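K.L.:
no sequence on hand, only this structure:
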C-alpha cells in the first residue's frame, strides 16, 4: 500500500487500550438495570398484565407497561405503527410486553418471572403468500391489507419486448432472514435530567436524531427535552436504528417511573430475538434477450417479508425497485415489489438495504442467460451494461459522473485472471471427481445516499481553536466505519494540516442539528461535504485575518499547505498555528457550521420513473472457490472486489470497508440464516447463527477505483454498502461454474450441495400449524 | 454468597470480596471497572471477553469468579506501558485492524497470548489463534496483517 | 452476572468432593459447558464444585500398555503431550476441533465426556479407541467401557456421588490408522453436524485389517459404534468396493434426526462419507 495514503485512525488509541467507553461500560450514580418481558406468542391479544408479585421482590424499583408510556404509544421512521410496549396485541415473538428496573440484572430476571400475562392466542401468519390471500386476517389494523407497500416501475412495453426476444427465461429466487450480528449488543442508559421532564439518553444508537424523535413522541415532550448522546458504537450495519429507538423508549419510561438512571443491555439472545433482520425476498424474474445478447425486456415481481412492523420496508423495497434490473440498459421494464406483513420478526435496514437480494437474483440470472446464449456472462454484461450516458430503468440518464461499470469489471477481471482461470478450472474439474473449482463474477450500480426517499441534508461544526487544533462535530455518527477519521481528514486537508490535529466530539443531539440518519452510505458524501463547507468558511475567515501579515493583495493568493499559511505570490508564510492565533485575536469567529443539501432528485410513485439518485457508484466482484461435492463445503479461495469510491479519502479505511463487506457478503451467500420457525427464532446465539471467522475464506483482493465525483468532498462518494451486495451472486455463479448446476436460494449451505435441499425447514403456515 | 478473591490483574494485586455467581468477566468489569474487556455472546463463542489467565487466552465469560483466586490476569488495559502503546497495539491502529473496536480488546489478547509463546507466528498460526474471536467489521485481513507485522518486528 | 444464586466451592481433594456432592454440588473442571447451563438456567444443583485443580485428576502417563489421562487435564495440554501424540493421533485430531483455542485452554477431557453431549468431538474417537473410564466415589472405584458410558442426551452412567477420575486408552501395539472426521459448516469453532471416527488395526502384513472400529457422532442421542460395518472389515483388505459397501453400512447404522444444525438426510450421508474419506486416506 501507498504509505502516504495511510491515515491513522483517530479513535484508534482509545480502542486498542480499552479506554473507549461503549454504552455498557458507563455507570451512573444510583443506576438501575432494566430488562424486557417479551411475548410468549407470535400473535396474541394481551388480556391482562399482573405484576404485583414482581413489585414485592426486594430490589425491584419499577415495572412498566404500555400504560406507563406518557405520550403516543407508537414510534416509526416512516409510519407510526410500532409499539415499544405492546398495547393490545403482540404481533411477533420479540414484542415487548413489560419492562422492569431493578438493582441488578439478576433481580430483573426474577422480576420478569413474577409477571403474569394473560394472552389470547390469535391465528398467526408466517408466510407472505398466505398473508396476501383475501381470506387471511389483517395483521396490522391500521392497514387495509397485509400488503403494506407496493412500488411499481413501468418503462416501455414489456410484452412487445418479449415478442422481439429470441430467448425468454423465467426464474424464481429466494433469500433469507439475516442477522446484523454486530459484536456489541444493543445498550442504552436513560438518565433523568435536572430540568423537568428532560432525559439524557446514552446508547449504542446509530441515528441519534431519529431516536430522539421517537423518545420525545412517546414521552410526550418537545424534542429539546431529550438529549441523545452516542457512546462508542460496537458496530451497527443499519441495525441500530429504529430498534434502538424502541430500546431507548423502554429505558426512558423506566427512568421516568423510577426517577433513576436505568441501563438496559440486551443479551445476545435478546438482541437476536428483539431486533429487525434483513428482509427475505421472493423474486420472480422474466427476461427476454435477442440472439446477439441484447436485453429486450425484463419483468420483475418481488415480495419482501416485512414481518410484524413496517420499519424501513418502504425505503428498502423502493431501492430494490429502482435497481432491480441491474446496471443494464433495458428498453422495456415492468417491476413490482410488495412489502408484506406477517407475524415473523420484523425486518428493516441492513447494510445493502434492498440491494443484496436483487443483485443476488439478477446477477445469477445474467450468467444463466449468457450460458443459454452460449456466451460468457462477462460478454453479456459488456453488451448491456451501463456506459457513459446510459439510461436507467427509471429513464434517468447517467451523466455528471463517471459511469465506471466497465472499468470496474475490466479491473476485477484482470486482477483475478478470470478468463484463464475459467480455462484452468475446466481442465481441473474434468479430472477431479470430488473437488470442483469455479469462478464467478457479478457487478452492480448503486444510487448514493437517500435519493428520493426523503430530505437529504446534513450539517457539521468545524471549530478551530486559537492554537490551531480543531474540534469537529457532525450530524452523522461514527458506527465503526471510520467516519471520525474521514471527516477529520477532510477538515485537515482544507487547512493543510495533519489529521492528528483534529478531535471528533461525541455525537450529541443537543449540540448538532438533525442531519438525517447515518445510513445509505451517505456519510462521506453528505457529511463529508458539510465538514468541507464548514472548514472552508473558517479558512476564509482566517485568510481575511492574516491577509495583512502575509501582505497579500488578494485572498486567492493565500493557500494552506503542510501546516503553513502561504502567500503564493510573495512566498511569505506563517505557521497555521500562528494564523489561527491571529484570527482569534482579530476577534474572528473561527467556528463555523457547514450545511450541505443534496441536489434535487425526484420519483413518480405511480409509474416508478424519475432521477432517483443524484449520483451512483459502480462495482464488480469475483469469487474463486472450491466445492467439495462430497460434503457440500464451499470455500472461497480468493475474492476480488473492485469499487469506484470517487476518491479514497481514508485509504486504510477504504480497504477495511471492502474486506469487511466482502466477508459479510460471503456469510450471506454461504451460511448465514436466521432460522425462523412458526415466528420464533431458533438460532439465538452465535453458536448456531454463524458469522464468518478468520478461517472461513482465503484471500481478498481489493481494487480501489477513483473517479472523483463533483458532488462529493474531494470527489469521494459511497462504499460501505456496495461491498456487501455482490458476493452472494459472484459465489452463486462460481458454484455453478464449478458444478455445472445452478441454485436459486441462498444460503448455499452444505445440505443444498449434497442433498439439493436447504437446511432450513419449510415454514409452516400459521393457520395450518 | 460472598467470596474472597486474591489475584493479580495487570501487575496489580487485588484482594476483593464479590458474589460467587459472578463470572470473571463481571468481576473485571463491575468490580474493578476494567471495562475494556467486552461481552459479546456470554457463551464462549465470540471471544470479545478474551483475557490472559496464567499465560493462556481464555474466555472470561466462561470462568467463574471463584476460579480466579490466586491467578495472574492480563486484560487489554495491561498492554500499554508507561503511556506507550505496545507494538501490537500500535500496529492495530496503523494498519486498519480496528473499526468499531468492540472485538479489539479480545482480539488483542488472543494475539498477545500467541506472541508470548510464538514471537514470530505464521499467518496460519495467527488464524488459528484468533479463530475464536469474531469480528463483524474488518473482514479480519488487516488484523492478521497487524499481528504478522508485530511478529516480524520481534525478529 | 449469572442470573441464579448458587454456592461455589473449590475442592482440594476427594474428601471435599464427596462431602460437597452429598450437598448436591455439581463438580466441574474447565467450566465451558457448565457455564452455559448456568446461563441458560438449566442448572438444578445448589452449588458448583470446582475440581479442575485437583492433583488426583491430573497427569498423563503410560502404564501397563495403556495411557491414562487425568479427567481434569486441559485439552490444550493433551494436544501438546508427546505420548498422546505418538499413540493417538486420531484423538489429537478430534480435540483440536473442539471449540476455539480459548475454550481448549480451559476445557478438560473429563468434562467433555461427563457433559456427554451427543455432539461431543472427543466421544466418537475415544469410543473407537476402546477407551475406558475410571470412576471414583467415596467407597468405590470402578472401570467401565466408554461405549457403555453415555446413556442418552447429556446422560451418563455416572451414579450419584461418582466422578470421572481418569481415562484409560489401550495402546495399539500393531500398526494402525486413526482418524476423526467432523462435518460442520466449518470444522473449527463450531458444533458438529455429525462425525465419523475410525481406527484400523492391521495384521503383520500391515494391510489386512485385524480389527476395525468405527464410531459416529451426532446421529443418535449418543455416539454409536457401527458394529455391522466393523464386522465387514474384519480380516479384509481395503478395496474400493469394500469401502463403498462399508460406507453405506455406516450410513445405515446411523439414526439421525433433522434439527437446527442439519438434516437427517445430510447426516446419514455424511457419516458414511466420513468413513469413505478416512478409508481412502488410510491406503
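P.N.:
Now that the structure is in, tell me what you want to look at. On a predicted model such as this, the values are computed, not experimentally measured, just so you know.

K.L.:
and the nearest residue to residue A:25 once chain neighbours are set aside, what are its phi and psi?
P.N.:
Take residue A:25 and drop its neighbours on the chain: the residue closest to it by Cβ to Cβ, 6 or more residues apart in numbering or on different chains is residue B:35, 3.6 Å away. Every residue, glycine included, has its C-beta placed from N, CA and C. Dihedral pair for residue B:35: phi -90, psi 10, per degrees, to the nearest 10.

K.L.:
got the residues of chain A near chain C?
P.N.:
Residues of chain A found near chain C (Cβ under 8 Å from any Cβ of the partner chain) are A:104-106, A:108-110, A:630-632, A:671, A:675, A:682-683, A:687-688, A:690, A:693, A:695-696, A:749-751, A:754-755, A:757, A:759, A:761.

K.L.:
got the buried residues for the longest helix belonging to chain C?
P.N.:
Taking DSSP state H as the criterion, chain C has its longest helix at helix C:264-282. Using 16 or more other Cβ atoms under 10 Å in any protein chain shown as the test for burial, helix C:264-282 gives C:266-279, C:282.

K.L.:
what number of residues lie near residue C:259?
P.N.:
Neighbours of residue C:259 under the rule other Cβ atoms under 10 Å in any protein chain shown: 14.

K.L.:
how close does residue C:120 sit to residue C:135?
P.N.:
From residue C:120 across to residue C:135, the span is 18 Å (Cβ to Cβ, to the nearest Å).

K.L.:
which of those two has more neighbours?
P.N.:
residue C:120 (25 against 21).

K.L.:
just give the closest residue to that one, not the sequence neighbours.
P.N.:
residue C:112 (5.6 Å).

K.L.:
verify the stated contact: the one you found with residue C:122.
P.N.:
Yes: Residue C:112 is in contact with residue C:122 according to Cβ atoms under 8 Å; the separation is 4.9 Å.

K.L.:
are there residues contacting both of these two? Which ones?
P.N.:
Common neighbours of residue C:112 and residue C:122 (criterion: Cβ atoms under 8 Å, 6 or more residues apart in numbering or on different chains): residue C:98.

K.L.:
let me see the contact set for whatever residue of chain B ends up closest to chain C.
P.N.:
Relative to chain C, the nearest point of chain B is residue B:132 (2.2 Å; Cβ to the nearest Cβ). Residues near residue B:132 by Cβ under 8 Å, 6+ apart: A:693, B:45, B:47, B:50, B:59, B:110, C:99, C:100, C:101, C:102, C:103, C:189.

K.L.:
surely the fifth one meets residue C:106?
P.N.:
Right, residue B:59. Yes: between residue B:59 and residue C:106 there is a contact under Cβ under 8 Å: 7.5 Å.

K.L.:
so residue A:412, which of the three states?
P.N.:
helix (DSSP: H, G, I helix; E, B strand; the rest coil).

K.L.:
phi first, then psi, for the nearest residue in space to residue C:178 that is not next to it in sequence.
P.N.:
Among residues not flanking residue C:178 along the chain, residue C:90 sits closest, at 2.9 Å (Cβ to Cβ, 6+ apart). Note on residue C:90: its backbone torsions stand at phi -60, psi -40 [degrees, to the nearest 10].

K.L.:
and for residue C:90, the neighbour number?
P.N.:
23.

K.L.:
isn't it up against residue C:199?
P.N.:
Yes: between residue C:90 and residue C:199 a contact is recorded at 6.5 Å, counting by Cβ under 8 Å.

K.L.:
between the two, which contacts overlap?
P.N.:
C:125, C:128, C:129, C:178.

K.L.:
re earlier: pull the most distant pair out of the buried residues of helix C:264-282.
P.N.:
Using Cβ to Cβ, the buried residues of helix C:264-282 span at most 24.0 Å, a distance reached by C:266 and C:282.

K.L.:
care to break chain B down by domain?
P.N.:
Domain segmentation of chain B under automatic domain parsing yields B:2-78, B:87-154.

K.L.:
those domains: which one's closest to residue A:272?
P.N.:
domain B:2-78 (10.1 Å).

K.L.:
average pLDDT for the closest one?
P.N.:
For domain B:2-78, mean pLDDT is 96.

K.L.:
chain center to that domain: distance?
P.N.:
10 Å (Cα atoms, centre = their mean, to the nearest Å).

K.L.:
try stretch A:262-275
P.N.:
20 Å.

K.L.:
now whichever residue of chain A sits closest to chain B. Nearest residue, chain neighbours left out?
P.N.:
Chain A approaches chain B most closely through residue A:18 (2.0 Å), counting by Cβ to the nearest Cβ. Of all residues not flanking residue A:18 in the chain, residue B:36 sits nearest, at 2.0 Å (Cβ to Cβ, 6+ apart).

K.L.:
which ones are touching the one you found?
P.N.:
A:17, A:18, A:19, B:75, B:76, B:77, B:105.

K.L.:
10 Å instead, please
P.N.:
A:14-22, A:25, B:28-29, B:51, B:75-79, B:104-106, B:108-109 (Cβ atoms under 10 Å, 6 or more residues apart in numbering or on different chains).

K.L.:
before we move on, what SS does the residue nearest in space to the middle of chain C have?
P.N.:
By Cα atoms, centre = their mean, chain C has its centre lying nearest to residue C:123, at 2.0 Å. Using three-state DSSP, the structure places residue C:123 in helix.

K.L.:
return the helix or strand in chain C with minimum mean pLDDT.
P.N.:
Ranking every helix and strand in chain C by mean pLDDT, DSSP states H and E puts helix C:34-39 at the bottom, with a mean of 87.

K.L.:
buried stuff in that one?
P.N.:
Neighbour-count burial for helix C:34-39 [16+ other Cβ under 10 Å]: C:34, C:35, C:36, C:37, C:38, C:39.

K.L.:
could you point out the helix or strand that follows that helix?
P.N.:
Once the chain leaves helix C:34-39, the next helix or strand it forms, by DSSP states H and E, is strand C:47-50.
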